[in-house]
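>>> Give me a 3D structure for the following:
(one chain, ligands or ions: 1)
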Amino acid sequence: MTMNSAQPGRTAVQLLDVRKSYPSGQNRVWALRGAFLALAPGSFTAIMGPSGSGKSTLLQCAAGLESPDTGRITIGDHVISDLSPDALTRFRREHIGFVFQDYNLVGHLDVNANLALPMVLGGEQLDPVWGDHLLVSVGLGGLQSRRPSQLSGGQAQRVAIARALASRPTVVFADEPTGALDSHTARDVLEVFRSTAERLRQTVVMVTHDPRMASTADRVLFLADGLVVDDMDAPTVDGVGDRMLALSR
Ligand SMILES: Nc1ncnc2c1ncn2[C@@H]1O[C@H](COP(=O)(O)OP(=O)(O)OP(=O)(O)O)[C@@H](O)[C@H]1O
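Numbering: from 1, shown residues only. The predicted structure is shown next:
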């Protein structure tokens, strides 16, 4: 399959010729210059590329957090780039999870309240049995009453992962979810993320700078200058490292 051959409905995430620019003084800087991608349902994909190549912009556009200037973005059967801002917010709440690098937990709320927060903001309740199940799945059973300041970095990121999964989204995006963790904790957290998402049959898209993290994915997409320039199935640490070295030259 080429990167742009998949049809809507048979992919979990599809970008067709997505362009995105930001104002920069009198000019505009092009973060995405015509990005194509098609990701299979249930797949775990890593996005890599040199600094400034457009990884975060791609993730934010695909997750509906930023609007593209032009191009089409599809999640499942829904063309989200055509949705009104209100409809997009509703769609995001129901179908999309997002894990931020710096956890984004609310300091004065305990783990349980942080877990439920996105759903509560959307006017829904988190089923407590499901909430407990998620926390146990990410290895945090019994820590429901802790505040973020009473958690290690790895534990805080596990809460952030559980929170992204709480509404049972079909797709979970993660922007350097292990970037703030030491390598041992990072591997551990990623394994929990992967196995939990696998059990829930979710599609995961993760930006990372680390070839070791990328090599745990089913597939790695490489960005350069706002374009998806390469992809690698069954990645290895050395293979990913070599490809990154070639892109940085
Ligand atoms: N809000 C913004 N305003 C202006 N320019 C932006 C904005 N966000 C991104 N850019 C620019 O768009 C380009 C792509 O940025 P982006 O953050 O998507 O790249 P990246 O590959 O994620 O980089 P990094 O690995 O350093 O995080 C860069 O030139 C960046 O400076």
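
>>> Lowest-scoring secondary structure element of this structure by mean pLDDT?
When each helix and strand of the chain is scored by mean pLDDT, DSSP states H and E, helix 183-199 comes last, with a mean of 86.

>>> Output the contacting helices and strands for that one.
Packing partners of helix 183-199 (3 or more CB pairs under 8 Å, 6 or more residues apart in numbering; DSSP states H and E): strand 44-48, helix 128-137, helix 153-165, strand 203-207, helix 211-214. Quick note: C-beta positions are derived from backbone N, CA and C, even for glycine.

>>> could you dump those to JSON lines with mean pLDDT, distance to the ligand and mean neighbour count?
As requested, those are arranged in JSON lines below (pLDDT from 0 to 100; distance: least, CB to the nearest ligand atom, whole Å; neighbours: other CB atoms under 10 Å):
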{"stretch": "strand 44-48", "mean pLDDT": "97", "distance to the ligand": "9", "mean neighbour count": "25"}
{"stretch": "helix 128-137", "mean pLDDT": "91", "distance to the ligand": "28", "mean neighbour count": "16"}
{"stretch": "helix 153-165", "mean pLDDT": "92", "distance to the ligand": "18", "mean neighbour count": "24"}
{"stretch": "strand 203-207", "mean pLDDT": "96", "distance to the ligand": "7", "mean neighbour count": "25"}
{"stretch": "helix 211-214", "mean pLDDT": "94", "distance to the ligand": "13", "mean neighbour count": "22"}
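
>>> okay if I get those as JSON lines plus distance to V99?
Formatted as JSON lines, these follow (distance: least, CB to CB, whole Å):
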{"stretch": "strand 44-48", "distance to V99": "13"}
{"stretch": "helix 128-137", "distance to V99": "13"}
{"stretch": "helix 153-165", "distance to V99": "5"}
{"stretch": "strand 203-207", "distance to V99": "8"}
{"stretch": "helix 211-214", "distance to V99": "13"}
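
>>> A12: which of those is closest?
Set against A12 and scored by CB to CB, these come closest in strand 203-207, at 3.8 Å.

>>> From L15, how far out is the residue lying closest to W130 once chain neighbours are set aside?
Nearest residue to W130, sequence neighbours excluded (CB to CB, 6 or more residues apart in numbering): A166, at 7.5 Å. According to CB to CB, to the nearest Å, A166 and L15 sit 26 Å apart.

>>> Then D238?
According to CB to CB, D238 stands 28 Å off from L15.

>>> Kindly report the same for R187.
Applying CB to CB, the value for R187 to L15 is 29 Å.

>>> who's more crowded, the two?
Set side by side, R187 and L15 show more neighbours around L15, with 25 against 16, by other CB atoms under 10 Å.

>>> A strand includes that one, no?
Yes. Judged by DSSP: H, G, I helix; E, B strand; the rest coil, L15 forms part of a strand.

>>> residues contacting it?
Residues near L15 by CB atoms under 8 Å, 6 or more residues apart in numbering: 35-38, 58, 61-62, 71-74.

>>> So which residues of this protein form helices?
Using DSSP state H, the helices assigned to the chain run over residues 55-62, 85-95, 111-121, 128-137, 153-165, 183-199, 211-214, 237-248.

>>> Check the offset of the first one from the chain's centre.
Counting by CA atoms, centre = their mean, to the nearest Å, helix 55-62 is centred 9 Å from the centre of its parent chain.

>>> And it, what does it pack against?
The contact analysis (3+ CB pairs under 8 Å, 6+ apart) places helix 55-62 against strand 13-24, strand 27-39, strand 44-48, strand 70-75, strand 171-175, strand 203-207.

>>> Rebuild the ones you listed as JSON lines, extending it with distance to V159.
Shown next, in JSON lines, are the helices and strands packed on helix 55-62 (distance: least, CB to CB, whole Å):
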{"stretch": "strand 13-24", "distance to V159": "25"}
{"stretch": "strand 27-39", "distance to V159": "26"}
{"stretch": "strand 44-48", "distance to V159": "21"}
{"stretch": "strand 70-75", "distance to V159": "25"}
{"stretch": "strand 171-175", "distance to V159": "14"}
{"stretch": "strand 203-207", "distance to V159": "17"}
